[in-house]
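[1] Need a 3D model of the following:
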Amino acid sequence: MPKGKFFNVIATGNGRASLMLYGEIGGEDGVSPEQIVTEMSYLSNEYPMIDVHINSMGGEVFAGIAIFNALKDSPSIVNIYVDGLAASIAGVIALCGKPLHMSRFSRLMLHAVSGSCKGGARDMRECADLIEGLEGTLADMISQKCGMPSEEVKLTYFDGKDHWLTADEAARIGLCDDIYDMAGADSLGSAPTNEQIYQFVNLAEKKHSPNNKDMEFIDKIKGIAPFKDLSEDAILAKVKSMSNEAAKVDGLQQQISTLKAENAELKKSATDAFLDQAVSEGRISKEQKDQYRKLMDADAATTRELINSLPKSAHQVNIQDVLNGAASAGNATDLSKMSWDEIDKAERLGELKDKFPELYKAKFKEKFGVSL
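    Here you go, the predicted structure:
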């Protein structure tokens, strides 16, 4: 993407954009024809209406012709506004055949092509021929706007003098289609000079346009993958969409945290159930449970394999077993009436798993919400 692309573009909304032709036409630091042609191509695809604002003393003829053609050939509705001055080749650009609006204090200036060259007589003659040819081209371009024959245009405006036209004068001879007021222009007085008009409009533009740092920042944003080659409007829409998606993150993070907590609780319950079973089978003692729990927290699979490899010891019936129904261990009805926690408290989980596996699975699902 060329540096400074879309620097002169202002999106005004409702399918409309403005293109600013402020400053010298062409030149190293002036309004670049390559830039304007590129911007017009982009704008013509994105916006049905384009407003082109001019405040320029003129500049290079060939650069101006390229800009003239870009404006004239745009499929969009193009309105030309002379905010301050449209002088020399900038004045010809203003007459590209689109509706021309001039501010009340603005000026349009037309004159003959000027140039210089060095070399011998042949070089001088070639330079003169080039200038005369360009004058014929510019006369044809102006003629298309006002209807005046090309030869009459050359005789009237290319006579070696600068022809400064006010908005009223330009309107009377068909060069201007409409006259408008610029806010604050009354401060110029009743008879402002051309330089005063030019400086006034430039200052007004600086107050309402983004500064260079703003545009450099926008260019940097356009270099980031999600915003590459997007217009300012598209970038704003993208940012809004990303902001909306970001608002969902907090909720998703909360859901993740809840699921993690629930998973940790299930894991702890499953560990406790396994260790209780190991105790009931006599593989480990009650005193060893905490030690094996730490091992399972570090490596559950290996610890399970280790415990399952330990031999079972004969289950000793004690008074607690009797009180909790261990003497009737063969009676599945007693166990079915008890909750998982009650069976766990009675240390009969091992018995439940070994003798009544289907009931064990049902109790496990009832307790932990998952199937074995």
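[2] for this protein, what spans make up the strands?
    9-13, 16-22, 49-56, 77-87, 100-103, 107-110, 163-166, 178-180 (DSSP state E).
[3] Let me have these in a markdown table, extended by mean neighbour count and mean pLDDT.
    C-beta here means a position set from N, CA and C on the backbone, and glycine is covered the same way. What follows is the strands of the chain, written out as a markdown table (neighbours: other C-beta atoms under 10 Å; pLDDT from 0 to 100):
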| stretch | mean neighbour count | mean pLDDT |
| --- | --- | --- |
| strand 9-13 | 15 | 70 |
| strand 16-22 | 21 | 90 |
| strand 49-56 | 23 | 93 |
| strand 77-87 | 24 | 93 |
| strand 100-103 | 24 | 93 |
| strand 107-110 | 23 | 94 |
| strand 163-166 | 17 | 94 |
| strand 178-180 | 14 | 90 |
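[4] okay if I get those as TSV plus distance to Ala270?
    Formatted as TSV, the strands of the chain follow (distance: least, C-beta to C-beta, whole Å):
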stretch	distance to Ala270
strand 9-13	60
strand 16-22	64
strand 49-56	68
strand 77-87	72
strand 100-103	79
strand 107-110	87
strand 163-166	91
strand 178-180	79
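[5] Out of those, which is closest to Asp290?
    strand 9-13 (68.1 Å; C-beta to C-beta).
[6] Could you tell me which residues make contact with the closest residue to Gly350 other than its chain neighbours?
    Excluding the flanking residues, the one nearest Gly350 by C-beta to C-beta, 6 or more residues apart in numbering is Ser280, at 3.1 Å. By C-beta atoms under 8 Å, 6 or more residues apart in numbering, the residues touching Ser280 are His315, Glu347, Arg348, Leu349, Gly350, Glu351.
[7] out of the residues you listed, which is most surrounded?
    Leu349 (26 neighbours; other C-beta atoms under 10 Å).
[8] That one touches Ile343, doesn't it?
    Yes - Leu349 is in contact with Ile343 according to C-beta atoms under 8 Å; the separation is 5.7 Å.
[9] any shared contact partners between those two?
    By C-beta under 8 Å, 6+ apart, no residue touches both Leu349 and Ile343.
[10] In the stretch 151-300 of the chain, where is pLDDT below threshold?
    Residues of the stretch 151-300 of the chain meeting the criterion pLDDT under 70: 183-190, 203-219, 222, 229, 231-233, 243-248, 250-251.
[11] hey, where'd the helices end up in it?
    Counting by DSSP state H, counting those that start in this stretch, one finds helices in the stretch 151-300 of the chain at the ranges 167-172, 194-208, 212-222, 232-280, 289-298, 300-309.
[12] Ok, which of those comes nearest Ser371?
    helix 232-280 (12.3 Å).
[13] any idea of the angle that closest one forms with helix 300-309?
    10 degrees (axes from the mean of the first three to the mean of the last three C-alpha atoms, to 10 degrees).
[14] the inter-axis angle of helix 232-280 versus strand 16-22?
    With the same axes, to 10 degrees applied, the angle from helix 232-280 to strand 16-22 works out at 120 degrees.
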